[in-house]
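Trainee: build the 3D model from these lines:
(chains A, B, C and D)
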Number of protein chains: 4
Amino acid sequence: MIVVMNPKVTDSDIDIVRKELESKGLSVHLSQGSTYCIIGIVGDASNIDPDKLLTFDGVDKVLKVQHPFKKANRLFKPEDSIIKVENTLVGGSNLGIMAGPCSVESEEQIIEIAKKVKASGANFLRGGAFKPRTSPYSFQGLELEGLRLLKLAKKETGLPIVTEIMSTDYIDDFVREVDVIQVGARNMQNFDLLKQLGKTDKPILLKRGLSATIEEWLMSAEYIMAGGNENIILCERGIRTYEGYTRNTLDLSAVPVVKRLSHLPIIVDPSHAAGYWYLVEPLAKAAIAAGADGLMIEVHNNPQCALSDGQQSIKPESFDELMKKIKVLAEIEGKNI
Amino acid sequence: MIVVMNPKVTDSDIDIVRKELESKGLSVHLSQGSTYCIIGIVGDASNIDPDKLLTFDGVDKVLKVQHPFKKANRLFKPEDSIIKVENTLVGGSNLGIMAGPCSVESEEQIIEIAKKVKASGANFLRGGAFKPRTSPYSFQGLELEGLRLLKLAKKETGLPIVTEIMSTDYIDDFVREVDVIQVGARNMQNFDLLKQLGKTDKPILLKRGLSATIEEWLMSAEYIMAGGNENIILCERGIRTYEGYTRNTLDLSAVPVVKRLSHLPIIVDPSHAAGYWYLVEPLAKAAIAAGADGLMIEVHNNPQCALSDGQQSIKPESFDELMKKIKVLAEIEGKNI
Amino acid sequence: MIVVMNPKVTDSDIDIVRKELESKGLSVHLSQGSTYCIIGIVGDASNIDPDKLLTFDGVDKVLKVQHPFKKANRLFKPEDSIIKVENTLVGGSNLGIMAGPCSVESEEQIIEIAKKVKASGANFLRGGAFKPRTSPYSFQGLELEGLRLLKLAKKETGLPIVTEIMSTDYIDDFVREVDVIQVGARNMQNFDLLKQLGKTDKPILLKRGLSATIEEWLMSAEYIMAGGNENIILCERGIRTYEGYTRNTLDLSAVPVVKRLSHLPIIVDPSHAAGYWYLVEPLAKAAIAAGADGLMIEVHNNPQCALSDGQQSIKPESFDELMKKIKVLAEIEGKNI
Amino acid sequence: MIVVMNPKVTDSDIDIVRKELESKGLSVHLSQGSTYCIIGIVGDASNIDPDKLLTFDGVDKVLKVQHPFKKANRLFKPEDSIIKVENTLVGGSNLGIMAGPCSVESEEQIIEIAKKVKASGANFLRGGAFKPRTSPYSFQGLELEGLRLLKLAKKETGLPIVTEIMSTDYIDDFVREVDVIQVGARNMQNFDLLKQLGKTDKPILLKRGLSATIEEWLMSAEYIMAGGNENIILCERGIRTYEGYTRNTLDLSAVPVVKRLSHLPIIVDPSHAAGYWYLVEPLAKAAIAAGADGLMIEVHNNPQCALSDGQQSIKPESFDELMKKIKVLAEIEGKNI
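Mentor: Model (predicted):
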């Protein structure tokens, strides 16, 4: 960490900052430039709050040198993390393809879709039992009954289940019934939920918040990892911008950026990012070409009757076509599904 | 709601959409323009999901006519809501001035600050007991002990207490110990929390999410109101933009926009919005001039020793100066503190 | 266009709006819903200013049905436009690969790079002669001398030249010396420049503005097309968001969105979008997989000595490796270079 | 400037960077932290391109210590700049109130409005002669005839004229006919225009770009100042965000931030920022309370017949009411109109 003192600083101001830092067991390097005096901090500054330094007289700005995440940091664990879910791997050369409806609606629906997406090559079944909806008047999901139906679909197909948790009240149910617990974009900084998930050993699918920076996202992963659970798959799902032709702006740069900063696997959800079915195929292909470790795709047998997000779901036949193309791209990238 | 069919639509496509709408008890008006055929929906379309209509063949876009919020809508309740907290009112001509430290740190600290902010004219004491921190390695608050200390400060000063809830696990404690329960920006769409708060009768301070639209924010208020609790104070606290000289961009336009759309009171938090102490005074004054129903301001007796967010806290003496100016502006605006 | 009247509208308010519209030769459909009265406009509303309608008493909002762009609209020209530059085509199944240094620096530099990128498969040479720099103290380009050097490189390699224009003062020089005139992001709404380029018949590469919506971008194309020049290639180059790990956020969704809305070809510039060399390859591949009609890539023989943007340039050897991968992807997509 | 080397850096990498810097006449301080080696640059680093340093092996990031603007920097000119336009001052304790129609439409219109806004207290007349319009099919302004009409209105009222330039072709006309030359948001980085304005001695009103950072905005001022023209008034007019209830998001924090960074005066345009007439009054008042040096406000005698932006214009009577309130606030702030 580097402290830049403002040009009118006094020696006594500098001294106070130096003593503050030394009192924390750090040593400092002073360097007087043409205009600014700079204080370099030597040692592990991770328990120094840069915002606090800003309150000292004479401090102009504080520049961070180290990334604030540790367990998620590739610097300290250079090789890719590979997350094992039942017998399926995600990360390294293994693609995780999570497909299924936005919401679980009925036994027939979820089993039919599960069979079809499996046949096309998906290796996870996704489906919402608890649904985060902007309006309190919209369908809120089948809740625990939804979990039960997902389990039936798993029994039929063998596909591990990914589904979103919305409340710490249900953590025990999710740990018991579900294979990958999804933390949705709106809960990415529900720190209470993250802490409690850190105490389980379940794989967590951590979606990027609607307007989260990549650093904040990795810090949310760090919350879970700090609790002891390092089984995390990140999921890019679009960020909020001013553009209105898409629901969100899919940030595919996040894929290579995360791969550079962290060892955690990262998949991409083009359905939620774009918000329209016709954008799913080009963005899914782009995600694999950019190096993503997998995809999450909404597939519905009858989008017009979907209880949520039908407009961004593709039909099983389109998913089957898409998977043919994804397999070709995966091979080029040296990845297996 | 208005459905715009695409230029190549067939009569049969139009017919299918019309029947879908009529099956929901709505009547439709067809209108053929030069290029586009338009289907106007007559009746209460609030239980129609516009996204679902997008899945029908031939539908190009769906335009919303009505706002999706009802209980929060000024159309159905034209007069300002005034929220009563103990003997203090917020809304109408009554300003709520909530001041205090970012975090409750000790009995002495909170009581000293409480006395000072009261003397300067604050009518609420704010202070965090449970703290949402980006890093799991930062100070997380005194938690229940913090609530106890806030209550002591209330006993000393009579100021009602505002503090943030982060987990549904503590709702009973908050209902018992606290006067206004704050929902932080990061939890604005923690729908599980909102639903549970809707079942209480406590006043709720609902902060705008980091990148929430005004409509989404009012829909989060609607979640609480739909549960039966209509005691809501909104709080604008800055939105995320690309600008880096401020932590967030304070959106003061939200004040007159919310006042037009809704009857709920809206206050402004310049401390969190701007992130730097020197911006607090100009933005606090601007908020009152723009018509805000109050302020939330961080005040710390010793910002350099604050356990969180010291750089955005002002000292009690600065707060006192600020309040003198706020009182002058309040009088001009016809408001009482 | 649809005019939504507010719930308290009077018959006389409605009448005034109706007469205004009828006076423009349009007919209207009135439709009274449960709360709102709606006025549908029949006929070509493109010369009606929606903002002006908002000034009438009783008007709540104005909803647009038609896209405001005409010549750029795929609705009126369903087949892909293919832009011919000398003997090279861009659009349809033809990829345009534009490679070269950020700035033209010397005869040796530009000729060496031109030869190398041609050998790797580029079919255009890019290079800046006039440079838009944030600081007046930075290198501003070789200007007319730069154009001369680009022409020498063209003579050596046969590659058509793409370079940015910054001032209407040089339009004649550009028309004479250059094959594709680039309008940079900062000038996307320099309407005076667009109008003057509309009067030429040169192919124009129109970059998306830093925070332009797709609609605004197509309207800027419309400015050029309205003047008579329909030879436009669009170029997505990242939009401004809050994310700091990349210079801009590449919006790859823009590729399929533009292809749906417009017949114009669209290429992608991952170098400027991302701002770091290590992001160029994954994003270039993603762009092709998403359906882009080409790429613009910065290549420098000695990035450390580049006079601008060295950090986002790749070396000729890396470009050669990248082109091998691009060719494989192009084949899968049924495209030729 | 500070160069952070990555943790795997070799001594030879460090040496190469050191030599590069020393070859530019700078001296360096090396400081080895626990993980990162840091190179501090001593001396005026303003001619070092931080992006170029990023191309050297082993460089992880480059942190800037100094602001890149010099002539606009308050550090080197602590007292407020006061811009003199004819006999009117802007800056320090002098408010500039610029009012008038979006577009000049006719002699009667501009003279009538000019007289009214003067009577209410405006000290500048604004009005567009050349109009930047998103659509090529919209009214583009009366152009030179508009300048002539503005001059007639000046002759009648004595109010100095502010109007927007869109092309370098008309610089001579503007210098001759106009008192303050406005650079619009879309041209804030039209560097060619800025350079040419830098060679005149006319006061320039420099609007903030649609998504310009404050630093980029000050750098655009620097472009003009570097040419020799230091008569610059900045104008905040809203930035682009995702929020849709307002046209742009007025960033009032920019007022105190600019005042801290620069000595240049800054005014606020609430009409263009918000886009709706009902937001003009609260935001105008807020701007003055936040410390702005003036306002730019659209006033039209007949908004329904305005040829552009009628929905954001207020009537002369509303402007008169507003000015009464502004005068009260100005007095509190110790400012004169």
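Trainee: just give the nearest non-adjacent residue to A:Asp192, would you?
Mentor: B:Ser167 (3.8 Å; Cβ to Cβ, 6 or more residues apart in numbering or on different chains). Any C-beta I mention is one placed from the backbone N, CA and C, and that applies to glycine too.
Trainee: err, A:Glu145, not the other one
Mentor: In space, and not counting its chain neighbours, A:Glu145 is closest to A:Ala129: 7.6 Å by Cβ to Cβ, 6+ apart.
Trainee: quick one: contacts for the residue nearest to A:Asp192?
Mentor: When the contact criterion is Cβ atoms under 8 Å, 6 or more residues apart in numbering or on different chains, the partners of B:Ser167 are A:168, A:192, B:130, B:193.
Trainee: quick check: the second one touching B:Asp169?
Mentor: Yes: proximity of A:Asp192 to B:Asp169 meets the contact threshold set by Cβ atoms under 8 Å, at 7.4 Å.
Trainee: compare those two (neighbour count), which wins?
Mentor: A:Asp192 (21 against 12; other Cβ atoms under 10 Å in any protein chain shown).
Trainee: how about the more buried one, phi and psi?
Mentor: With angles defined as degrees, to the nearest 10, A:Asp192 shows backbone torsions of phi -60, psi -40.
Trainee: give me the pLDDT for it.
Mentor: In the prediction, the pLDDT value recorded for A:Asp192 is 95.
Trainee: please apply the same query to A:Ile38.
Mentor: 86.
Trainee: now A:Gly43
Mentor: Looking at A:Gly43, its pLDDT is 75.
Trainee: how about the contacts made by it?
Mentor: In this structure, A:Gly43 makes contact with A:25-27, D:33-34, judged by Cβ under 8 Å, 6+ apart.
Trainee: ranking by neighbours, what's the top pick from these?
Mentor: Using other Cβ under 10 Å as the contact criterion, the top neighbour count among those goes to D:Gly33, which has 22 neighbours.
Trainee: isn't that one right up against A:His29?
Mentor: No: in this structure, D:Gly33 sits apart from A:His29 without contact. The criterion is Cβ under 8 Å, and the distance is 9.0 Å.
Trainee: find the residues that touch each one of the two.
Mentor: Applying Cβ under 8 Å, 6+ apart, one finds that D:Gly33 and A:His29 are jointly contacted by A:40, A:42.
Trainee: counting neighbours, what do you get for A:Asp51?
Mentor: Per other Cβ under 10 Å, the neighbour tally for A:Asp51 reads 20.
Trainee: what does the one 3 residues further on give?
Mentor: A:Leu54: 21 surrounding residues under other Cβ under 10 Å.
Trainee: the one 5 residues further on too?
Mentor: Counted by other Cβ under 10 Å, the residues lying close to A:Val59 total 22.
Trainee: one more: the one 3 residues further on?
Mentor: For A:Val62, the neighbour count with other Cβ under 10 Å is 21.
Trainee: find the nearest non-adjacent residue to it, please.
Mentor: Across the structure, with Cβ to Cβ, 6+ apart as the measure, the residue nearest A:Val62 apart from its sequence neighbours is A:Pro50 (4.0 Å).
Trainee: verify the stated contact: the one you found with A:Leu21.
Mentor: No: using Cβ under 8 Å, A:Pro50 is not in contact with A:Leu21, being 11.8 Å away.
Trainee: same drill for the two, tell me which one is more crowded.
Mentor: When neighbours are counted by other Cβ under 10 Å, A:Leu21 comes out ahead of the other of A:Pro50 and A:Leu21, with 21 against 17.
Trainee: that one is in what secondary structure piece?
Mentor: For A:Leu21, the host element (DSSP states H and E) is helix A:11-22.
Trainee: what residues does that helix touch?
Mentor: A:3, A:5, A:28, A:30, A:37, A:39, A:41, A:48, A:53, A:56-59, B:304.
Trainee: which of the residues you listed has the largest number of neighbours?
Mentor: Compared across those, A:Val3 has the highest neighbour count, 27 neighbours, by other Cβ under 10 Å.
Trainee: got the contact list for that residue?
Mentor: A:17, A:38-41, A:53, A:59, A:62-63.
Trainee: shared neighbours, A:Asp192 and B:Asp169?
Mentor: A:Thr168.
Trainee: what residues does the stretch 51-200 of chain A put near chain D?
Mentor: Residues of the stretch 51-200 of chain A found near chain D, taking Cβ under 8 Å from any Cβ of the partner chain as the criterion, are A:63, A:65-66, A:75.
Trainee: again, only this time at 6 Å
Mentor: A:63, A:65 (Cβ under 6 Å from any Cβ of the partner chain).
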